[in-house]
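**Student:** missing the sequence, but the structure's below:
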Ligand SMILES: Nc1nc2c([nH]c(=O)n2[C@H]2C[C@H](O)[C@@H](COP(=O)(O)OP(=O)(O)OP(=O)(O)O)O2)c(=O)[nH]1
């Protein structure tokens, strides 16, 4: 089974986390599900370089991301592929971006994250976020 390596950003503003809704997709188990912005790492890229490129491409968001912002990784097997996803916790001063590839988005308090229908791989990450005190989140 193919393994894809993905990076994802947990963007935090004013105590809330940005949740993005995927559009229609080839695989129904991820179509229309919520996720954290990001995408596949390309050959020759570091994880943080990949994440900066993905946020620029899919949201017009220019951020400097450092390895120190690494949060946690997830290893999940979907019916058709395995995903290894590395997440980064990133405070943002200005919450503006362009919705280019996603269907919709919302900013939620950590405690409210479980209200959404997440991509199945994301649940360990969502659980972790709901159970922790994030610096900068009151
Ligand atoms: N960015 C992101 N991807 C996630 C999350 N959870 C999760 O299962 N994924 C999966 C969905 C996709 O299979 C893969 C991300 O790659 P992608 O966004 O470039 O994939 P895609 O299928 O939309 O794009 P593509 O193959 O057309 O290039 O990881 C998440 O929280 N954020």
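**Tutor:** Received it, and whenever you're ready, just let me know what you need. Quantities reported herein were computed from a predicted structural model and do not represent experimental measurements. Numbering: from 1, shown residues only.
**Student:** CA atoms for contacts and neighbours, from now on please.
**Tutor:** OK.
**Student:** Residue 69 is in contact with residue 89, isn't it?
**Tutor:** Yes - checked against C-alpha atoms under 8 Å, the pair residue 69 and residue 89 is within contact range at 5.5 Å.
**Student:** who's more crowded, those two?
**Tutor:** residue 89 (20 against 15; other C-alpha atoms under 10 Å).
**Student:** what residue ranges in the chain score low on pLDDT?
**Tutor:** Under the criterion pLDDT under 70, the flagged ranges of the chain are 133-138.
**Student:** Strands along that one, start to end?
**Tutor:** Here the chain has its strands, by DSSP state E, at 3-13, 16-21, 34-35, 38-40, 70-77, 82-91, 104-108.
**Student:** can I assume residue 99 is in contact with residue 59?
**Tutor:** Yes - applying C-alpha under 8 Å, one finds residue 99 in contact with residue 59, separated by 5.7 Å.
**Student:** Now do the phi/psi pair for the residue nearest to the spatial centre of the chain.
**Tutor:** With distances taken as C-alpha atoms, centre = their mean, residue 36 lies nearest the centre of the chain, 2.0 Å away. For residue 36, the backbone dihedrals are phi -100, psi 140 (criterion: degrees, to the nearest 10).
**Student:** hang on, it packs against residue 6?
**Tutor:** No - using C-alpha under 8 Å as the test, residue 36 is too far from residue 6 to be in contact (10.8 Å).
**Student:** Residue 54: neighbour count?
**Tutor:** Counted with other C-alpha under 10 Å, the burial measure for residue 54 works out to 22 neighbours.
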